[in-house]
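Asks: Give me the fold of what follows.
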Amino acid sequence: MERRCLGQSGISVTDLCMGTMTFGEQCDESLSHRIMDRAFDRGIDFFDTAEMYPVPPTSEKFGVTEQIVGRWLKTKPRESVVIATKVTGPAHGWFVPPVRHGHTCLDRLQIRRAVDASLQRLQTDYIDLYQTHWPDHRARCEDILGVLTELIHEGKVRAIGCSNETCWGLMKSLWAAERFSLTRYDTVQNNFSLINRRCESELAQVCRREQVSLLPYSPLGGGVLTGKYRHDFPAGARFTAYQNAGPRQQRIAERFLNDRSRQAVERLQTIADAAGMTLTAMSVAWCRQQDFVASVIIGATSVEQLDESLEAADLTLDADVLNQIDAVDRDIPTPLMEDGLRRL
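Replies: Sure, this is the predicted structure:
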């Protein structure tokens, strides 16, 4: 496993990151701790969570994931682990989150309350990377960055990042940081995988030229790139459950699982089989090989699932495999349906 810096922050992390959004919902606390222990024992020192987890978010379980991570964190030397978490975005964004009575926004009051509550749940006195979960394009960038800069000066936060952000939103924030002498975002955490290569079009250029690191989430396309949905909806899988959930979850399942995504998976599976690797390992390895990526966020609902992703830790795809993957993208570009960023 390689180590890479988060933007220009100087914070170095492993190029695989343990995502935790299933902890407290699909995984109980005991299983969550076993998954985190396996990741840590295999060398991963970067763990990503959010105040709104677990997913799907509910008012009853809001903050549970951070509590689970916090109790696990107490079993490890604090400085041996890099912890990232997120403040919930505005209620006028994609949906009204079950947080703070549905009146979330990225202002000084709510960011400060959110970070103090996260620190308490995580049982730590600082957060290594604090991220906005999704942007507030109706707010002034300098106001958001201003309070985040204060938190860094106070020692509560070491570095800041954004998530689910557009190219315009990231550049606007970087411009505001420069103009008003505020701390800039060092990372952007967006959906990126072999079935969603949108980041390569424009965001990658921003990351390279502005030295902002991409932290890809959902590198397995919500599990689609494991191949488990090729022929059916397996019991216990996320999108199996989403089929009978609310309208928002149903729309998410339709975005990931459609005729084009299934066609792409069939071809990618053939490439992986011929190269003697699993589709899971190939998908994660492809993400971590991108030069604008710092660390790929992998999730799991079992230790066995985690082990499958960890096969990518020392895997480098050769030019022939990469060319074959690109051929699939040319024939079936961006199988994952529109992801909502255009509506921000």
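
Asks: which ones are touching Ala139?
Replies: 90, 105-107 (C-beta atoms under 8 Å, 6 or more residues apart in numbering). Where you see a C-beta, it was placed from the backbone N, CA and C, and this is true even at glycine.

Asks: mind running it again at 7 Å?
Replies: Leu106 (C-beta atoms under 7 Å, 6 or more residues apart in numbering).

Asks: how much space is there between it and Asp318?
Replies: As judged by C-beta to C-beta, to the nearest Å, Ala139 and Asp318 stand 46 Å apart.

Asks: Would you agree Asp128 falls within a helix?
Replies: No. Using DSSP: H, G, I helix; E, B strand; the rest coil, the assignment for Asp128 is strand, not a helix.

Asks: Spatially central residue for the chain, please.
Replies: Residue closest to the average C-alpha location in the chain (C-alpha atoms, centre = their mean): Tyr217, at 3.3 Å.

Asks: And the pLDDT at that residue?
Replies: The confidence metric pLDDT takes the value 98 at Tyr217.

Asks: How about Leu344?
Replies: 59.

Asks: can you check Leu203 too?
Replies: We note a pLDDT of 97 for Leu203 in this prediction.

Asks: what do you get for Gly93?
Replies: Gly93 carries a pLDDT value of 66.

Asks: Next: Gln243.
Replies: Here, the pLDDT recorded for Gln243 equals 74.

Asks: what's the closest non-adjacent residue to it?
Replies: With C-beta to C-beta, 6 or more residues apart in numbering as the criterion, Gln243 has its nearest non-adjacent residue at 6.1 Å, and that residue is Ala253.

Asks: Okay, and the one you found sits in which element?
Replies: Taking DSSP states H and E as the criterion, Ala253 maps to helix 247-256.

Asks: what angle do the helix or strand that comes right after that helix and helix 247-256 make?
Replies: Beyond helix 247-256 on the C-terminal side, the first helix or strand identified by DSSP H and E is helix 259-275. Taking axes from the mean of the first three to the mean of the last three C-alpha atoms, to 10 degrees, one finds that helix 259-275 is oriented at 50 degrees with respect to helix 247-256.

Asks: before we move on, the earlier item: packing partners for the helix holding Ala253?
Replies: Contacts defined by 3 or more C-beta pairs under 7 Å, 6 or more residues apart in numbering; DSSP states H and E place helix 247-256 against helix 238-242.

Asks: Mind jotting down where the helices sit in this structure?
Replies: For the chain, the helices defined by DSSP state H occupy 29-41, 64-73, 108-122, 141-153, 167-179, 203-210, 238-242, 247-256, 259-275, 279-288, 303-310, 319-331.

Asks: Quick one: closest of those to Met18.
Replies: Comparison of the helices of the chain against Met18 by C-beta to C-beta identifies helix 29-41 as nearest, at 4.3 Å.

Asks: Contacts for the closest one next, please.
Replies: For helix 29-41, using C-beta under 7 Å, 6+ apart, the contacting residues are 18, 23, 27, 47, 68, 72, 76, 300, 303, 306.

Asks: doesn't Asp125 make contact with Leu73?
Replies: No. Using C-beta atoms under 7 Å, Leu73 is not in contact with Asp125; the gap is 11.6 Å.

Asks: The nearest residue to Arg3 once chain neighbours are set aside: what's it in contact with?
Replies: Computed as C-beta to C-beta, 6+ apart, the closest residue to Arg3 that is not its neighbour in sequence is Ser12, at 4.7 Å. For Ser12, the contacting residues are 3-5, by C-beta under 7 Å, 6+ apart.

Asks: returning to that earlier point: residues contacting the residue nearest to the centre of the chain?
Replies: Residues near Tyr217 by C-beta under 7 Å, 6+ apart: 19, 189, 191, 297.

Asks: Equivalent analysis for Met171, please.
Replies: Counting by C-beta under 7 Å, 6+ apart, Met171 makes contact with Val206.

Asks: Distance of the spatially closest residue to Pro135 that is not a sequence neighbour relative to Val212?
Replies: Nearest residue to Pro135 in three dimensions, chain neighbours excluded: Gly169, at 4.8 Å (C-beta to C-beta, 6+ apart). For Gly169, the distance to Val212 equals 12 Å [C-beta to C-beta].
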